[in-house]
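Colleague: Need a 3D model of the following:
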Amino acid sequence: PAVPEVPEVPEVPEVPEVPEVPEVPEVPEAPAVPELPEAPEAPSMPEVPAVPEVPKAPVIPEVAPAPGAPQAAVPEIPAAKPQDEKVEALPEGKKESMAEAPHKCATCNKEVGEGHICGLTTYCQHCKEEVGSGHICDLTFFCKDCKKEVGDGHVCGVTTFCSTCEEEVGPGHICDVTYFCYDCEKEVGDDHICGITSFCPTCKAESGTGHECGKTYFCFDCEKEVPKDHQHQ
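Modeller: Sure thing, here's the model as predicted:
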């Protein structure tokens, strides 16, 4: 038999040339960091000189008395007795008004202090406060509740200031005869006994329970009201 013809091998196409890779540019080197100058050392503080010790005071030797010489006795000086002075206690309202500076009143256009009441109070330059009618420096002050001048020991609604006796008194006061008892809160006489006697304005003397003017009187020995002809045994 006849041998078949071998087919011709096709020509292999030429491989295209690979393009050359461009060279990578070199990275520039980072600039060198300049070295920082060293910090100067802090100057050392000068040494504080030591404080010299204060010399102690010399001890003074005791002088012994001469033998045979009598020692003079030092007389004791009696302590001075404090005088019984009446201390006037200022109320809080008075102290506060003294601390306030005076100012002009828009109504009466006068120099006034704290608590001024037009037509009723005026400013006292000596006491540095508002005062009322009949004011006596260093003796009376204005009571804002009673709206009048009062003295030390004033009791609102009970006592008033007597300019003759220069003290607070109660209802029925008789100058140089009665005075105000702060325990009983009423006018009493010189011989008053709290809780037992009361002042009789007719007899002008202290009397007890059941007193009848002209018929009985108070016996201070028996401490009770007795008839006029009463006699002690």
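Colleague: which stretches of this structure form helices?
Modeller: 92-99 (DSSP state H).
Colleague: Can you give me the domain boundaries for this structure?
Modeller: Here the domain assignment for the chain is 103-152, 158-190, 193-232, based on the TED database.
Colleague: To Pro16, which of those domains lies closest?
Modeller: domain 103-152 (112.3 Å; C-beta to C-beta). The C-beta positions use only the backbone N, C-alpha and C, and glycine is treated the same way.
Colleague: so how far does that closest one reach from one end to the other?
Modeller: Chord length of domain 103-152, first to last residue, is 27 Å (C-alpha to C-alpha, to the nearest Å).
Colleague: From the chain's centroid, how far away is it?
Modeller: Here domain 103-152 is found 23 Å from its chain centre; the criterion is C-alpha atoms, centre = their mean, to the nearest Å.
Colleague: That one - what's its average pLDDT?
Modeller: Domain 103-152 shows a mean pLDDT of 87.
Colleague: ok so, going back, now render the domains of the chain as a markdown table, adding distance to Glu38 and mean neighbour count.
Modeller: What follows is the domains of the chain, written out as a markdown table (distance: least, C-beta to C-beta, whole Å; neighbours: other C-beta atoms under 10 Å):
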| stretch | distance to Glu38 | mean neighbour count |
| --- | --- | --- |
| domain 103-152 | 70 | 16 |
| domain 158-190 | 89 | 16 |
| domain 193-232 | 97 | 14 |
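Colleague: so which of those domains comes closest to Pro4?
Modeller: domain 103-152 (142.9 Å).
Colleague: Identify the residues contacting His103.
Modeller: Neighbouring residues of His103 by C-beta atoms under 8 Å, 6 or more residues apart in numbering: 111-113.
Colleague: Now do it against Ser163, distance only.
Modeller: His103 sits 30 Å away from Ser163, taking C-beta to C-beta, to the nearest Å as the criterion.
Colleague: Please look at Thr209 and Glu223 and confirm they touch.
Modeller: No - the criterion here is C-beta atoms under 8 Å, and Thr209 misses it with Glu223 at 10.9 Å.
Colleague: got a list of what the closest residue to Thr216 other than its chain neighbours touches?
Modeller: The spatial neighbour of Thr216 that comes closest, neighbours along the chain excluded (C-beta to C-beta, 6 or more residues apart in numbering), is Glu225 at 4.9 Å. Applying C-beta under 8 Å, 6+ apart, we find Glu225 in contact with 207-211, 216-219.
Colleague: again, only this time at 6 Å
Modeller: By C-beta atoms under 6 Å, 6 or more residues apart in numbering, Glu225 lies in contact with 208, 210-211, 216, 218.
Colleague: Next: Asp145.
Modeller: Counting by C-beta under 6 Å, 6+ apart, Asp145 touches Cys156.
Colleague: Of the domains of the chain, give the one that comes closest to Pro34.
Modeller: Of all those, domain 103-152 sits nearest to Pro34, with 73.6 Å by C-beta to C-beta.
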